[in-house]
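Engineer: quick one, structure for this:
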Amino acid sequence: MMENNITINSGHIEHLIALENDKVQEAWNNYSTHLKVADDIIYFLSREFVDTTSDKNVIFMSFFTQISVDLELAMLSTIRRHDIQACMMLRHALESIPLAAYSLFSKQVIDKCGIVAEFGNTGKACDWIKNNYPEHSENIKGIKGKINNHYSHANITTAAPNLIIGDDKTFSCFFDSNSDKTLPKRLYIISEIAWLALDLIDKAIGKTNGGVVLNKDSDQKIKDFGEQIDSVFSDKS
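Structural biologist: Predicted structure coming up:
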């Protein structure tokens, strides 16, 4: 395959895609109950949770959409057996959650410098969450801390699953070799973060008339999802 005089080895890419598709099917076969919970929560978050918004909610929708995308990519990375990639997406989601909630209460800014000053990093948002929703703040901080300690930087713990060590030969792996242990645990964390996003944003919107209208069944859905997580992942928490 040629594009702009550059040779692309499409056969290699197609081979990797085929292998990843096999991993996805394997995840459905072995972890269908865990995967369904994570997928159902993320689908509701990304497709049904927000009913309507107004033009002034552009910043909120930017971060809210980022949360959904991050969680969907984390789930796909998990079932394709790429745990470091999954954790990087989860870290990004955890930073986007406070920013989304904070944007509902922050002063309206329209110029680029003002927007960057208000939302260019998580500082103001995290301080606001800590003061107004301390339990959510602690949960976000706790999960993010574990990711920072173990996955944000290269270390032997994350490098080791790249190998399968046999009696007389060592093999390099494209897929995590320890995924049978980590996959259900990671689906639990993904579900927890998605639920955390739902609950925090639901509570934040309940305190402000900011033009964002949620699905009328949101409160019940959030309650139901919490019970499903506790039931399906009872041995992972």
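Engineer: give me the next element, helix or strand, following the longest helix seen in the chain.
Structural biologist: As assigned by DSSP state H, the longest helix anywhere in the chain is helix 10-43. Counting by DSSP states H and E, the element after helix 10-43 in chain order, helix or strand, is strand 50-52.
Engineer: chain center to the very next helix or strand once past that following strand: distance?
Structural biologist: Next along the chain after strand 50-52, taking DSSP H and E as the criterion, comes helix 58-79. Centre-to-centre, helix 58-79 and its host chain are 6 Å apart (Cα atoms, centre = their mean, to the nearest Å).
Engineer: now do whatever helix or strand comes next after helix 58-79 and helix 58-79, the angle between them.
Structural biologist: Using DSSP H and E, the next helix or strand after helix 58-79 towards the C-terminus is helix 83-103. Orientation check (axes from the mean of the first three to the mean of the last three Cα atoms, to 10 degrees): helix 83-103 against helix 58-79 gives 160 degrees.
Engineer: elements contacting helix 83-103?
Structural biologist: In terms of contacts (3 or more Cβ pairs under 8 Å, 6 or more residues apart in numbering; DSSP states H and E), helix 83-103 is packed against helix 58-79, helix 112-119, helix 123-132, helix 134-150, helix 179-207. (Glycine included, C-beta is placed from N, CA and C.)
Engineer: okay if I get these as a markdown table plus mean pLDDT?
Structural biologist: Listed next are the helices and strands packed on helix 83-103 as a markdown table, based on pLDDT from 0 to 100:
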| stretch | mean pLDDT |
| --- | --- |
| helix 58-79 | 95 |
| helix 112-119 | 68 |
| helix 123-132 | 90 |
| helix 134-150 | 95 |
| helix 179-207 | 94 |
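Engineer: before we move on, back to that, let me know the average pLDDT across the longest helix of the chain.
Structural biologist: Averaging pLDDT along helix 10-43 yields 94.
Engineer: same list, the helices and strands packed on helix 83-103, but as a markdown table with distance to Ser96 and mean neighbour count please.
Structural biologist: Below are these laid out as a markdown table (distance: least, Cβ to Cβ, whole Å; neighbours: other Cβ atoms under 10 Å):
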| stretch | distance to Ser96 | mean neighbour count |
| --- | --- | --- |
| helix 58-79 | 4 | 21 |
| helix 112-119 | 10 | 13 |
| helix 123-132 | 9 | 16 |
| helix 134-150 | 11 | 15 |
| helix 179-207 | 8 | 21 |
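Engineer: export these as TSV, with columns for distance to Gln228.
Structural biologist: Formatted as TSV, those follow (distance: least, Cβ to Cβ, whole Å):
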stretch	distance to Gln228
helix 58-79	15
helix 112-119	33
helix 123-132	25
helix 134-150	18
helix 179-207	8
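Engineer: tell me which of those helices sits nearest to Val37.
Structural biologist: Closest to Val37 of the helices and strands packed on helix 83-103, according to Cβ to Cβ: helix 179-207, at 5.5 Å.
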